[in-house]
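[1] Fold the stuff below for me.
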Amino acid sequence: MMSRAVDVDAEGFMTDATQWDRDVAAAIAAEAGISPLTDRHWQVVEFMRERYLESGSAPSIRTLGKASGVPIKELYELFPKGPAKLAAKIAGIPKPRGCI
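    You can find the predicted model right below:
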């Protein structure tokens, strides 16, 4: 369970990326049924965060599969309910455009 409150929107995505840390990420992942986060999860989560902080938007699933070093098939194994959306939520960034 999260030790402190963070600001989220109606879908549970953080609205202030500066409130994020690894403990918050682990709590969000656990709520989504992913626990513990493995090194491969962290690789994707940290890639999502870096890309968002650089560009102001979350990467698409295609970009994630090409640029994160984790193939799309494995992304779906790591984040079963929609990798880009779930990884963004865990990374403490807004929902990627194009995600339903």
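[2] who are the neighbours of the helix-or-strand element of the chain with minimal mean pLDDT, in terms of helices and strands?
    Among the helices and strands of the chain, helix 61-67 carries the lowest confidence by mean pLDDT, DSSP states H and E, at a mean of 94. If you count contacts as 3 or more C-beta pairs under 8 Å, 6 or more residues apart in numbering; DSSP states H and E, helix 61-67 packs onto helix 39-55, helix 72-78, helix 83-91. In this view, the C-beta of every residue, glycine as well, is placed from N, C-alpha and C.
[3] which of the ones you listed sits most buried?
    Among these, helix 83-91 has the highest mean neighbour count (mean count of other C-beta atoms under 10 Å), at a mean of 26.
[4] could the helices and strands packed on helix 61-67 be laid out in CSV, adding mean pLDDT and distance to Ala25?
    Output for the helices and strands packed on helix 61-67, formatted as CSV (pLDDT from 0 to 100; distance: least, C-beta to C-beta, whole Å):
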stretch, mean pLDDT, distance to Ala25
helix 39-55, 97, 6
helix 72-78, 97, 13
helix 83-91, 96, 5
